[in-house]
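Engineer: A predicted structure for the sequence below; I have some questions about it.
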Amino acid sequence: MQASGPRGPAGDRHWRGSARLAVSCALLFCVMALLVDWDAGSLTVLRCLLWVAVSAAVGAVLLPPRVSAGPGWLAVRTPWRRHVVHTDALTAVRQYAGVSSHLVLRDVHGHRLELDPRTLTANPLLWHELDTGVHRSLERGTLRHGANVLERLGRRIDDETMRAVLRVSGLH
């Protein structure tokens with residue numbers, strides 16, 4: 001039997017599709033803007049460059065953050081920067097509701113990270129890595145605020161997973 005080496009980091013399995021959609025929307029915006037400007041007879045090289053730059057900005061804004069996790073860490077990469085927290089050394093977890101619900105995680109090193117809880121719901125491996133790190137934080141006594149937030153999120157993820165299994169099996 002072949003020994004398996006250390007596994008690679010878990011990632012958002014839906015990120016590529018979302019990124020493809022963001023790039024497609026930016027390209028469509030660019031083509032439409034160039035066609036409208038060309039039809040109006042006002043397209044110049046400078047305006048063409050302007051539309052390309054605006055389209056690149058639209059693509060950057062629409063590009064979803066890339067979430068990955070490994071043993072003891074969770075990372076969110078945006079087009080501008082990368083945020084990493086040590087999940088085995090968390091100090092606080094907060095969930096903010098509203099138009100865009102998001103989790104805010106803080107660790108003992110002062111690092112802060114925000115992510116959409118739906119990303120964890122849609123990616124069980126990411127949730128597993130975070131949950132494992134949270135248990136270590138609780139064992140070490142560093143997580144003082146927000147354990148109940150992750151407990152509720154875990155129950156919701158488990159419920160949704162159970163419903164999905166029942167739906168696929170035809171029992172629901």
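Structural biologist: That came through, no problem.
Engineer: where along this structure do the helices fall?
Structural biologist: Using DSSP state H, the helices of the chain run over residues 15-39, 45-62, 117-122, 124-140, 147-169.
Engineer: List the contacts of stretch 94-114.
Structural biologist: Residues outside stretch 94-114 that contact it (CB atoms under 8 Å, 6 or more residues apart in numbering) are 74-76, 83-87, 89-93, 115-118, 120, 142, 145-146, 149, 153. Every residue, glycine included, has its C-beta placed from N, CA and C.
Engineer: are any of those residues buried, and which?
Structural biologist: 74-76, 83-87, 89-93, 115-117, 120, 142, 146, 149, 153 (16 or more other CB atoms under 10 Å).
Engineer: State the distance from the spatially most central residue of the chain to residue 81.
Structural biologist: Nearest to the geometric centre of the chain sits residue 67, at 4.2 Å (CA atoms, centre = their mean). According to CB to CB, to the nearest Å, residue 67 and residue 81 sit 14 Å apart.
Engineer: got any ranges where this protein has weak pLDDT?
Structural biologist: Residues of the chain meeting the criterion pLDDT under 70: 1-7, 172.
Engineer: mind giving me the domain ranges of it?
Structural biologist: As assigned by automatic domain parsing, the chain contains the domains 12-62, 66-169.
Engineer: Highest mean neighbour count out of those domains?
Structural biologist: Mean neighbours per residue, mean count of other CB atoms under 10 Å, is largest over these for domain 66-169, with a mean of 16.
Engineer: For residue 43, which non-adjacent residue is spatially closest?
Structural biologist: Nearest residue to residue 43, sequence neighbours excluded (CB to CB, 6 or more residues apart in numbering): residue 37, at 4.4 Å.
Engineer: hang on, I meant residue 82
Structural biologist: Spatial nearest neighbour of residue 82, excluding adjacent residues (CB to CB, 6+ apart): residue 75 at 6.1 Å.
Engineer: okay if I get the helices of the chain as a markdown table plus distance to residue 100?
Structural biologist: Formatted as a markdown table, those follow (distance: least, CB to CB, whole Å):
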| stretch | distance to residue 100 |
| --- | --- |
| helix 15-39 | 15 |
| helix 45-62 | 14 |
| helix 117-122 | 10 |
| helix 124-140 | 18 |
| helix 147-169 | 16 |
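Engineer: show me the contacts for the residue lying farthest from the centre of the chain.
Structural biologist: Distance from the centre of the chain peaks at residue 41, with 42.1 Å (CA atoms, centre = their mean). With contact set as CB under 8 Å, 6+ apart, residue 41 has no partners.
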